[in-house]
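Visitor: Show me how the following folds:
(4 chains)
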Amino acid sequence: MTESLIFEHSRSGRAAWAQFPSDGFDVDLPPELARQSDLGLPEVSELQAVRHFTRLSQRNFSIDTHFYPLGSCTMKYNPRACNRLAMLPEFLSRHPLAPVSASQGFLACMFDLQEILKDVTGMRGVSLTPMAGAQGEFAGVAMIRAYHDARGDTERTEILVPDAAHGTNPATASMCGYVPREIPTDDQGDVDIEALKLALGPKTAGIMLTNPSTLGVFERKISEISKLVHEAGGLLYYDGANLNAILGKVRPGDMGFDVIHMNLHKTFSTPHGGGGPGSGAVGVSERLLPFMPIPVVGQGSDGAYRWLDEDDMPQSIGRLSAFMGNAGVLLRAYVYARMLGRDGMHRVAEFAALNANYLMARLRDAGFDLAFPDRRASHEFIITLKRQNKAVGVTATDVAKRLLDHGFHAPTVYFPLLVPECLLIEPTETESREALDGFVEAMIAIAREAEDDIEQLRGAPYTMPVRRLDDVRAARQLDVRYQPDAA
Amino acid sequence: MTESLIFEHSRSGRAAWAQFPSDGFDVDLPPELARQSDLGLPEVSELQAVRHFTRLSQRNFSIDTHFYPLGSCTMKYNPRACNRLAMLPEFLSRHPLAPVSASQGFLACMFDLQEILKDVTGMRGVSLTPMAGAQGEFAGVAMIRAYHDARGDTERTEILVPDAAHGTNPATASMCGYVPREIPTDDQGDVDIEALKLALGPKTAGIMLTNPSTLGVFERKISEISKLVHEAGGLLYYDGANLNAILGKVRPGDMGFDVIHMNLHKTFSTPHGGGGPGSGAVGVSERLLPFMPIPVVGQGSDGAYRWLDEDDMPQSIGRLSAFMGNAGVLLRAYVYARMLGRDGMHRVAEFAALNANYLMARLRDAGFDLAFPDRRASHEFIITLKRQNKAVGVTATDVAKRLLDHGFHAPTVYFPLLVPECLLIEPTETESREALDGFVEAMIAIAREAEDDIEQLRGAPYTMPVRRLDDVRAARQLDVRYQPDAA
Amino acid sequence: MPFIPHTETDVEQMLAAIGAPSVEALFDEIPADLRCGRLERVPEGMTEMEITRLMHERADADGRPLNFIGAGAYEHHVPAAVWEIVTRGEFYSAYTPYQAEASQGTLQVIYEFQTMMCGLTGLDVSNASLYDGATALAEALLMAVRANRKSKSRRILMPRSVSPVYRQVVDTICSTQGLELVELDYDAQAGTTPESALAEHAGTDVTAVVIPHPNFFGCFEAVDAMTDWAHANGALAVALVNPVALALTRAPGEWGERGVDICCGEGQPLGSPLSSGGPYFGFMTCTQALVRQLPGRIVGRTVDLDGKPGFALTLQAREQHIRRGKATSNICTNQGLLVTAATIHMSILGPQGLQQVARASMANTRKLVAALTALPGIEQVFTGAGFHEAVLRFDQPVRPLIDALGADGIIGGYALERVYPELEHCLLVCATETKTAADIDHFAQRLATLMRSATAA
Amino acid sequence: MPFIPHTETDVEQMLAAIGAPSVEALFDEIPADLRCGRLERVPEGMTEMEITRLMHERADADGRPLNFIGAGAYEHHVPAAVWEIVTRGEFYSAYTPYQAEASQGTLQVIYEFQTMMCGLTGLDVSNASLYDGATALAEALLMAVRANRKSKSRRILMPRSVSPVYRQVVDTICSTQGLELVELDYDAQAGTTPESALAEHAGTDVTAVVIPHPNFFGCFEAVDAMTDWAHANGALAVALVNPVALALTRAPGEWGERGVDICCGEGQPLGSPLSSGGPYFGFMTCTQALVRQLPGRIVGRTVDLDGKPGFALTLQAREQHIRRGKATSNICTNQGLLVTAATIHMSILGPQGLQQVARASMANTRKLVAALTALPGIEQVFTGAGFHEAVLRFDQPVRPLIDALGADGIIGGYALERVYPELEHCLLVCATETKTAADIDHFAQRLATLMRSATAA
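Guide: Below is the predicted model of the structure:
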């Protein structure tokens, strides 16, 4: 059933009367500024709004309702306590510019979180202010730039990026004024060391890596890479997208990275929220400490917490948000970290790896081709439908859409770009073995269907609110806002 | 798709580890008391529980998702603020036996609510303690009994109940040790006055009425009935089930009632919760004041609130709950009452009547038969399918089930018992005209289907998680708990 | 017009469709002399913003004191997930599942709840809940009267170790139906019902015996002996239990030779916040033999037209909307939302969690007793193991102490002397798993200070 | 093992299926010398009960003071329904809607959001949000550079009346891309950008002009003149707006002859609680002509295989996961949950509600100014109408006053002298619709007392 647009429920003169003061207020607006046109907002009752959005919510898959093995996104359980406690009235009503004397409770949480993140990453300093992974990346590369600049080392113009990297990596390098330069991957999924050596030189500002890589495997030559890059005068940037895979097992700082961003909405289980908010805290090694984005929370000798800002950190790359980033997300991450505790941190990677390797083994045994059959899975792995695509024409999209009918969210498809018709599958540590087994059964059924009735498969999904959508039309006949008159 | 039972997700040794202390505790339980058998609780992860119950919730119709015109149940919008504010941490953590000195905030809300309910009902005193409508009824009839007993008037053994009444009325009379005696209804839906006169006498303890009656019409001879019953020495009990119809228009106290219960989960919009909690506050006239159930909130001359209990009200019928009834529900009702305010109270009945009379007119015009075509609807009205049943065999159940497929919850069916194949329809004041129009369209479509394809109609519903259920089997092959070994 | 969606145009057009000149005209069947004017004593409406502020102020006025009181309502940790799910609109704003096909969510929850309560209590059948523990006991006794057809006396043996307010509620509800409540005194040392108290009634017509577990003082009664005594004397055995205690102790269905016939109790410790006393829920389970006497709603599993399993209310023939004056009870509403909370709560805690909560509560109460009886002038009244609660006797009146503690943000316990005059200067105290060693210390220190100054004064 | 569902049996059987001897073996590709030991500085795990208590204690420590501060984050009433729906698992725990068919809820919400933002700002296209207002301004300027192909200078005219932190953020983000930010000073009487400040740059190559509305001081700039000046000088006009102000004032799409090209701002006042500064969301709208330069996600309406309408992400070719190094931005995440909140918030408030909130906020700030300037030693700095905020000059240093007010539970305003050295002893104050006459009185009285004792001392 189609759900009407909220604007279609609108009637002139209708309102949610309990929600605003009705009295007249005397305002002295200059007449030439006064608005004449409609605001374009719907006029509905409170019940209509509640009903509409409640019904819309039911048209989503989510972790709370479905297994959601979206590779590289770490869709694990978001503990409800994190939300509840971050939304205590005092936290919600705290103004970002409230004096430090009225903020010690909040600041204590932020300080503790910084300390925890330092330890789990092996870095010397942490700034919580970046508002998403991509902003964390920006901050990281900007710090690399600031570091070279501070040394007067201004000829470095390139950032090396493996071809398997997230698109944000080259985009970030560009944003920071660098030329991104691709480094190929070898057939085992590791960085091609010879190619790296050729690329390294006086122009090298640094390299952006995630480890395990987006190919789902651990970069085994990381120590060598680190040595080579440092010798060339470059710095190493760690994309924290895959931190969940190694939490408590190996620390980016110990691998030689100079700077790291963490996707707290992945590894620290804050909600993805249908596309955000994220949180991209950055950690740095000793040499980058002066350049961290502000503000950072410090502790005075009297035990009181305070903000460290431009006065304390004059070499900082500066501010990345109007206040201090996504504070409410950070509170959620903090609650999660405290509930996990020391032992829980170690278990994250262990059970994420157990689930990924188990699911990989089962799918391999069921006849699916692994992109890297000789490697351990990290917390995720890749299967490729290249063979089946050739044989019966089935695509990764077909499988993805059909999985929805089986009650599973699809894995990431067509990423990484290197592997044809691929599915990047990340089950996360919070899923039960039965959920994984159910997924395997669905995959087997779909593989069978691909052989028996490819047309049926291509028509999927059948049980969603809509069938397969026309993306081409969406881009060509752009309809990005409701215009009743145009309809 | 079937949703597994939570027990089917259970695996020995699994748990939601963050939810309980793991350390050993030293307890000195006598060994002969120690439990050996399983507790019979499922062993699941927190995510499994969250996912299971979130998915189960989606298998419900509710006000928040559907128009729900269930006659006599007043399924109107439950403002979210009521829930939010009743669940402030301080209210949730308040122990019922906390000293009065630490309870003034809570008691102020209860006192204010008593005052508001007194005014809207025109009664002299209110006790909030009954936990549901039926318990309010019990309290009311128990007070009638206590009143007669206190006067030494012990020969009154009968409670008169119109044949259209809710089943709770005669059941309550029985519970209080009275013999319920039915009074017939005339063909206009009013009490048969002649029959009433015949029934009244020295055995009459009182009469239980709701006005408007369960037939959806206002009892026009209420003043005469009141006079007759009082002259016979009986008291009048008002069943508050239909109070929504007259809020701010006419008050039970002014109609001559001696005692009333209010369904706060109807008129004051506290949530029905899938079958409770309700709240059945009672109001009384002067003569019944001493008999109200305890505790009641009083105010001292210093303005401080305190509990009135057996010491203050020695003639009270006593306690009805371990503490003071459904306090959290009362807080919700209080917030609702304050948001409505004086003017809002009047509007409740006005728009409930407008919606009911409009929907009645539209259905009549669409060819449906009204049970009382010559009467105004109150907040609800009855249509009867007697004619269509005779013609094509369609039943009220068929229509009810098919409405679900159209996205509407069914009205109450087969109640009141007097009207064959009836639907009791209560749209409430919070529904928009478009919702009512949509319901009319669905009813027209169903009526057409009944003529065109009765078999199709009898197979409804088709779009729910299950098709029509076998109630007979449910009662005969009783399966009221999961027994894995028995399956 | 809070919560009214009508526009002026709507009103006009709707009145036209009705054929009425005005909204007022819709009330023309109400005699004019009965019509009320403005409700002057109802305050003007507030916006949500205004009432939010008022309610915050009132909540703040009461604060969140440190509770060392139980007496029938227990502060336990409730996982955040529980109420986040319970208050989802689909559960919160649904009605009783009369249209089963559109209510499978609520119905399956109740079926799962019934299964859990049967498991915990060791009995065959559970209803979908009653109002609270006290009314559940009243309903259990009315049920016992219906079920025990051999007994004509309607005499119920009721230990004084049962909560005094429960006994009051039973009295309110059952007195009109001719039940006779016979009190059994408790042993002044043990705090439990002595064998002799029952023996007195041997050979008389007793309809049912109530067996509290633990009793109001937190003490464990001789449940096996009491159950067997009831059966030997033609009476039904009715257990009144704290469900958390059952995580550690034998199920009522296993007491004595045959187990109890009916088990009931307060469900609040299973996921309901303290919330000033409600809404909570009462639960009731019984043997298969008594199912048709069980009051309240019951959900059964059945199949649909396609043979697929589904859930529906069943055995409705017992209920008031069918049987009217002859129903097993006038109960109509249950406490569905609290049952939903309990079902999620029990699912999340699981057997290990509930056991640990029970253990921690027992251990903490023991620590509390140790800390307080270490103070001069305080001694424990009853011997033997206890669950959740303990009775302490002070060398001075306890009410002034409670009041003074209250001013310090400590709810110090429940003064027993009003309801048990013989327990002068006695306080019922409780420490659940929510209390830390530091909390207990804090309480003990404050109390020590207050007692010293009271003695000095 | 918090949040781990595995039983011992599961682990054994899963390892067997993998063919690995132990969980440790799954990490055998990590060089042994890199492996870390125990994370000693991470504290031991806490149960949910324990962390709940800790967080309550920390929240209590900060309290809920009375806010008279805005400066970019505004305390508005948010209907309870908003966050009860936003935090439903289906919204809360979903990812970016890459699988459109399984994400129609989120996608339709964003489409409705885009429609509302286009309506409010009077422009053609909206994206699905950016991180916050400050980064939205930075992205808007980067977009202007891409879009204004005629301009080669990358020079941006940036009024000093734009929030100082916004200017800092723009500097952080844009400095690496060669943007030149040219500051325009404000008029010391009016608090707005004088015509002369722009006129200085006439005839030079200007890429874009930033037009704050209202500006940081709460003053209304000459938006029409500034828009027209930009267009007359080959620059794009970039509006930076408070969306609540747009409920009363002309839409940026209607400013000047042709309207602005890009509009951006902080979405927080539309349903996001203050929450210590985030998560909020930035919004951005633009003319149809610039749509392909718009950064961030965009949702479009299309049809499915059956021709039924549905929603999907569109124009993804602009984004980093397709264009990589050549993307319009590295932005990946948006602030979906806050957009959901804003969409529900705007739906519930509607046009009347948003207008009343704007009116009440304007009127309350005026009342606040009147109450404070009635005190000796306080005067208003800028003339002319203001929205939400006002600048007051004191006859003494304001920091000690703010600190003293803080101790009384009043957040008294934002001290301007650090970011505007010329505004010595100046305070930026704000009173939204959440403040009552009594609140304003209370503030004024406390302030009067403090100022008297400061003067006396």
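Visitor: Tell me how far the closest residue to chain D within the stretch 201-350 of chain C lies from chain A.
Guide: Nearest residue of the stretch 201-350 of chain C to chain D: C:I348, at 9.7 Å (Cβ to the nearest Cβ). In short, each C-beta sits where N, CA and C put it, glycine included. C:I348 is 10 Å from chain A, where distance means Cβ to the nearest Cβ, to the nearest Å.
Visitor: for that residue, what are its contacts?
Guide: Taking Cβ atoms under 8 Å, 6 or more residues apart in numbering or on different chains as the criterion, C:I348 is in contact with B:A16, B:Q19, B:V44, B:E46, B:A49, C:P79, C:A81, C:V82.
Visitor: can you tell me how far it sits from C:I110?
Guide: 18 Å (Cβ to Cβ, to the nearest Å).
Visitor: shaky segments in chain C?
Guide: Across chain C, the ranges flagged by pLDDT under 70 are C:318-325, C:327-328, C:332, C:385, C:457.
Visitor: top helix in it by residue count?
Guide: helix C:336-373 (DSSP state H).
Visitor: cool, and chain A?
Guide: In chain A, with assignment by DSSP H, the single longest helix is helix A:327-365.
Visitor: Would you map the strands across the stretch 351-457 of chain C?
Guide: For the stretch 351-457 of chain C, strands defined by DSSP state E, counting those that start in this stretch occupy the ranges C:378-380, C:389-394, C:410-411, C:414-415, C:426-430.
Visitor: swap that for chain A, please
Guide: Assigned by DSSP state E, the strands in chain A fall at A:125-127, A:158-162, A:179-183, A:204-209, A:235-240, A:259-262, A:282-284, A:296-299, A:305-308, A:369-370, A:381-384, A:412-413, A:422-425.
Visitor: And the average pLDDT for the last one is what?
Guide: Spelled out, it's strand A:422-425. Per-residue pLDDT over strand A:422-425 has a mean of 97.
Visitor: In the stretch 101-250 of chain C, what residue comes closest to chain A?
Guide: For the stretch 101-250 of chain C, Cβ to the nearest Cβ, closest residue to chain A: C:G105, 11.9 Å.
Visitor: Checking that residue next. Helix, strand or coil?
Guide: State at C:G105, reduced to three classes by DSSP: H, G, I helix; E, B strand; the rest coil: helix.
Visitor: what sits against the closest residue to A:T428 other than its chain neighbours?
Guide: In this structure, A:T428 finds its nearest non-sequential neighbour in A:K76, 3.8 Å apart by Cβ to Cβ, 6 or more residues apart in numbering or on different chains. Residues in contact with A:K76 (Cβ under 8 Å, 6+ apart) are A:I63, A:N244, A:S269, A:T428, A:E429, A:T430, A:E431, D:F3.
Visitor: didn't the first one look like it was pressed against A:T74?
Guide: No - in this structure, A:I63 is not within contact of A:T74 by Cβ atoms under 8 Å, at 10.3 Å.
Visitor: what stretches of chain A score poorly on pLDDT?
Guide: Judged by pLDDT under 70, the stretches of chain A that qualify are A:1, A:486-487.
Visitor: Contact residues of it facing chain B?
Guide: Residues of chain A lying close to chain B (Cβ under 8 Å from any Cβ of the partner chain) are A:1, A:9, A:11, A:14, A:18, A:45-48, A:50-51, A:54-55, A:58, A:63-66, A:77, A:79-81, A:88-89, A:339, A:407, A:430-432, A:434.
Visitor: Repeat the analysis, applying 7 Å as the threshold.
Guide: Proximity of chain A to chain B (Cβ under 7 Å from any Cβ of the partner chain) is limited to residues A:1, A:18, A:45-48, A:50-51, A:54-55, A:58, A:64-65, A:77, A:79-80, A:339, A:407, A:430, A:432.
Visitor: Give me the buried entries from those.
Guide: Buried by 16 or more other Cβ atoms under 10 Å in any protein chain shown: A:18, A:45-48, A:50-51, A:54-55, A:58, A:64-65, A:77, A:79-80, A:339, A:407, A:430, A:432, out of the residues of chain A next to chain B.
Visitor: Inside helices: which ones of those residues?
Guide: Reading helices off these with DSSP H, I get A:E46, A:L47, A:Q48, A:V50, A:R51, A:T54, A:R55, A:R80, A:M339.
Visitor: can you pull the contacts of the fifth one?
Guide: Spelled out, it's A:R51. For A:R51, the contact set (Cβ atoms under 7 Å, 6 or more residues apart in numbering or on different chains) comprises B:D64, B:T65.
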